[in-house]
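what follows is a predicted protein model with its sequence.
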Amino acid sequence: MFFFLLHFLAIGQDKCNCEVIDTIRTTNAFTHFEKSKNELCQIYYLLEVFNLKIKERNYAEAENQIKSAINLYKKSNCKEPINVTLLSRLDQAYTFQSKFDESLEINISLRDYYESKKDSSKLVKSILQIAKIYDRMVLREQKLEKIEEAKILIPQLKNDEEKVLLYTRLAQLFLHEYEDTGDKKYLDTFESFCNETLRLSKIIPTPRKTQFLVNTRLASLHIHKEEWEAAKKYLYENLAKCLQEDLPELGINHQDLGEIFLRTNDLKSAKMHLDSSIFYHEKLGAIPQMMNGYKIQSEILEKMGDYQGAFAFSKKYNTFKDSLNDIDNISKIASLESKAAQAKSNLTISNLRRNQLFYLLLLALSLGALVIAYLFFRHKDLKNKKLILETEQRLNRARMNPHFFFNALASLQSFALNETDNMSIAENLSKFSYIMRETLENSYREYVTIHQEIDFLEEYLKLQVMRFPDKFNYQIQNLIENPDDVLMPSMIIQPFIENSIEHGFANIDYKGDLKITFKTVQNRTEIEIKDNGRGLNNQIEKSKPYISRAKQIVTDRIYLLNLKLKSDATFSIENDGQGKGVMVKIVLPVIY
């Protein structure tokens, strides 16, 4: 078949007439192609059916349709230059089914064809595709050889937009090499290509899908450097911009987030993202990504103590792995490798057979080691570990510090002992009960009106003033029209206000000033919380965990809001540039 493909690519480029080709702009081309007796039109019909089967994810039937088109083209006298298109579509069907040996044969032919036509861009793409196939076959030497070819050719391309896309693909191959070998030089090379894609993406307009790849590579870089927040920033940015049809992007970004939460021991969040990742990859039929998802989810469930679930995902992973590493398939790979080497290198048949034996032995040893390791750790867990269900859960509602309730009750007790005015005592008890009731109710509310939030903050601040008399003044300013109609997430402001009072105004020798402003700017709801306290750099050490917790609470709430509403809500916390204290700015979409 290899020599047929080379001959196939060499067919002439004369145009061939299709009697309906001039009518497709105004009529149903699919119907015309189906009814036509013209051989070229029948090929077009089979291409349309192929595209339909790919959309339906019926990849086996798509393969049959495109093979029929190739056979029909072979029998025809037509010289229409669609042969490369047909081969590319067949490679697409093979790739979706993880038929690496057949895909490799086609891509070697396409590489030779693009080289003969001096099409540098497509030549580099075909070389990187061959390297990717070698990567999945675990043929390292052949993969590295193709990577070096691509490294030389990419800088010579004139189109910077294409360079960005190709550098992201090249970077991914170096990342896989680092993951396989642990050699840091490959991670350094991966980082250099990530930085180059970032540089180019900032100076040229980058298509949305290409920017997804850039962000995904940058996130992978930060994951391997254990810079979790930086990695999550790029992944959340991708998810916020994903559309429903972006299945590959949704799958891989959820998978990377799941891995981050696993490594930071937030198992519930890790499982949630892996569930999403597996859903999208199974819907897409992406076998390598499905396998990786099964493997990570098995590890998560094992750590959570769900051994039955962990075993189920491990079994799924091993089922796919066994099918991809079948011995007969390895023999076919070695044969294809021999054909490629005969065409493009000085490798001999005997060298290829020695390589084959080496990889077979390596594969057998690796599989044996994996089985032994799995049995060992499973036995150890079943024998020695107690069933532990980790109930750590990220707050998805900003809630009040329980210390406030205790302190407020103590203040009310002291007030009652020293105050003879029963009406004042009753009034302050009423305020406290209102705050407590609203706090509990808000834990079940997703949104409140601006008016409700202002009423709540007024009562809350009055109690804080009672706790800390003469320590600070406050002002709540509303510049939003119809505050009873505009909504916002509940309990999103209070953590920052409490931080200003408890920590920002701690140990200051002047009276604190706290100002909360609600306003509408460019069809966005903006909330500013400004104090004149110690500032971020001068706050006492014990307050820092609280600041971090308040920040994480709002980060999680805004992330969930953006996912649900497809919005671009943000927040920032920084020292006030105009004087003392801290400025917190929360920007939300206008919600009715």
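Ah, there it is. Numbering: from 1, shown residues only.

for the rest of this, base every contact and every neighbour count on C-alpha atoms.
OK.

how about the helices in the stretch 151-300 of the chain?
160-181, 184-203, 208-224, 228-241, 247-263, 267-284, 287-303 (DSSP state H, counting those that start in this stretch).

sec struct for the closest residue to T555 other than its chain neighbours, please.
Of all residues not flanking T555 in the chain, F571 sits nearest, at 7.9 Å (C-alpha to C-alpha, 6 or more residues apart in numbering). Using DSSP: H, G, I helix; E, B strand; the rest coil, the structure places F571 in strand.

chain center to stretch 298-312: distance?
The chain centroid and the centroid of stretch 298-312 are separated by 23 Å under C-alpha atoms, centre = their mean, to the nearest Å.

and that stretch, what's buried?
298-307, 309-311 (16 or more other C-alpha atoms under 10 Å).

Throw those residues into JSON lines and include distance to V448, thanks.
Formatted as JSON lines, those follow (distance: C-alpha to C-alpha, whole Å):
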{"residue": "S298", "distance to V448": "40"}
{"residue": "E299", "distance to V448": "40"}
{"residue": "I300", "distance to V448": "36"}
{"residue": "L301", "distance to V448": "37"}
{"residue": "E302", "distance to V448": "40"}
{"residue": "K303", "distance to V448": "38"}
{"residue": "M304", "distance to V448": "35"}
{"residue": "G305", "distance to V448": "38"}
{"residue": "D306", "distance to V448": "38"}
{"residue": "Y307", "distance to V448": "42"}
{"residue": "G309", "distance to V448": "39"}
{"residue": "A310", "distance to V448": "41"}
{"residue": "F311", "distance to V448": "44"}
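
name the nearest of these relative to F432.
Of all these, F432 sits closest to M304, with 40.0 Å by C-alpha to C-alpha.

can you lay out the helices of the stretch 151-300 of the chain as TSV showing distance to I154 and mean pLDDT?
As requested, the helices of the stretch 151-300 of the chain are arranged in TSV below (distance: least, C-alpha to C-alpha, whole Å; pLDDT from 0 to 100):
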stretch	distance to I154	mean pLDDT
helix 160-181	6	89
helix 184-203	12	90
helix 208-224	16	90
helix 228-241	25	92
helix 247-263	24	91
helix 267-284	30	91
helix 287-303	27	89
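
will you turn those into a markdown table that also has distance to I450?
Listed next are the helices of the stretch 151-300 of the chain as a markdown table, based on distance: least, C-alpha to C-alpha, whole Å:
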| stretch | distance to I450 |
| --- | --- |
| helix 160-181 | 45 |
| helix 184-203 | 38 |
| helix 208-224 | 35 |
| helix 228-241 | 25 |
| helix 247-263 | 33 |
| helix 267-284 | 30 |
| helix 287-303 | 41 |
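
out of the ones you listed, nearest to M423?
Here helix 267-284 is closest among the helices of the stretch 151-300 of the chain (C-alpha to C-alpha), at 48.9 Å.

what does the closest one rub up against?
Under the criterion C-alpha atoms under 8 Å, 6 or more residues apart in numbering, residues 57, 247-248, 250-255, 257-262, 287, 289-290, 293-294, 296-297, 300-301, 303-304, 390, 392-393 lie in contact with helix 267-284.

and the biggest strand by length in the chain, how far from the chain's centre?
Ordering each strand of the chain by length in residues (DSSP state E) puts strand 512-521 first. In terms of C-alpha atoms, centre = their mean, the centre of strand 512-521 is found 35 Å from the chain centre.

how about that strand: buried residues?
Neighbour counts over strand 512-521 (16+ other C-alpha under 10 Å) mark 512-520 as buried.

ok, what's across the strand from the closest residue to T449 other than its chain neighbours?
Among residues not flanking T449 along the chain, L487 sits closest, at 4.3 Å (C-alpha to C-alpha, 6+ apart). Judged by DSSP bridges, the bridge partners of L487 are T449, I591.

so what's L487 up against?
With contact set as C-alpha under 8 Å, 6+ apart, L487 has these partners: 447-450, 590-592.

please apply the same query to F505.
Contacts of F505 by C-alpha under 8 Å, 6+ apart are 471-472, 512, 532-534.

can you rerun that using 10 Å?
F505 makes contact with 471-472, 499, 511-514, 531-535, 539, 581, according to C-alpha atoms under 10 Å, 6 or more residues apart in numbering.

try I203
Here I203 is in contact with D160 (criterion: C-alpha under 10 Å, 6+ apart).

repeat for the one 5 residues further on
Shown in contact with R208 (C-alpha under 10 Å, 6+ apart): 214, 238, 241-242.

cool, and N482?
449-451.

checking it next. Helix, strand or coil?
Classified using three-state DSSP, N482 is coil.

give me the phi and psi for it.
Taking degrees, to the nearest 10, you get phi 50, psi 60 for the backbone angles of N482.

over to D568?
As for D568, its main-chain torsions (degrees, to the nearest 10) stand at phi -130, psi 40.

and it, how far is that from V590?
Relative to V590, D568 is positioned 11 Å away (C-alpha to C-alpha, to the nearest Å).

what is in contact with the two at once?
Joint contacts of D568 and V590 (C-alpha under 10 Å, 6+ apart) are R524.

looking at the nearest residue to G512 once chain neighbours are set aside now. What's its pLDDT?
Of all residues not flanking G512 in the chain, F472 sits nearest, at 4.1 Å (C-alpha to C-alpha, 6+ apart). On pLDDT, F472 comes in at 94.

show me what contacts F472?
Applying C-alpha under 10 Å, 6+ apart, we find F472 in contact with 464-465, 501, 505, 510-514, 531-533.

T210 too?
Contacts of T210 (C-alpha under 10 Å, 6+ apart): 161-162, 164-166, 168, 197, 201, 216.

just the buried ones from the residues you listed?
Buried by 16+ other C-alpha under 10 Å: 161, 164-166, 168, 197, 201, 216, out of the contacts of T210.

between the residues you listed, which is nearest K125?
Using C-alpha to C-alpha, the buried ones among the contacts of T210 come closest to K125 at L166, 7.3 Å.

so that closest one sits against L123, correct?
No. Applying C-alpha atoms under 10 Å, one finds L166 not in contact with L123, separated by 11.4 Å.

any shared contact partners between these two?
Jointly contacting L166 and L123 under the rule C-alpha under 10 Å, 6+ apart are 150, 154.

which residues of the chain fall in strands?
Using DSSP E, strands in the chain cover 447-449, 472-478, 487-489, 512-521, 524-531, 570-575, 582-589.
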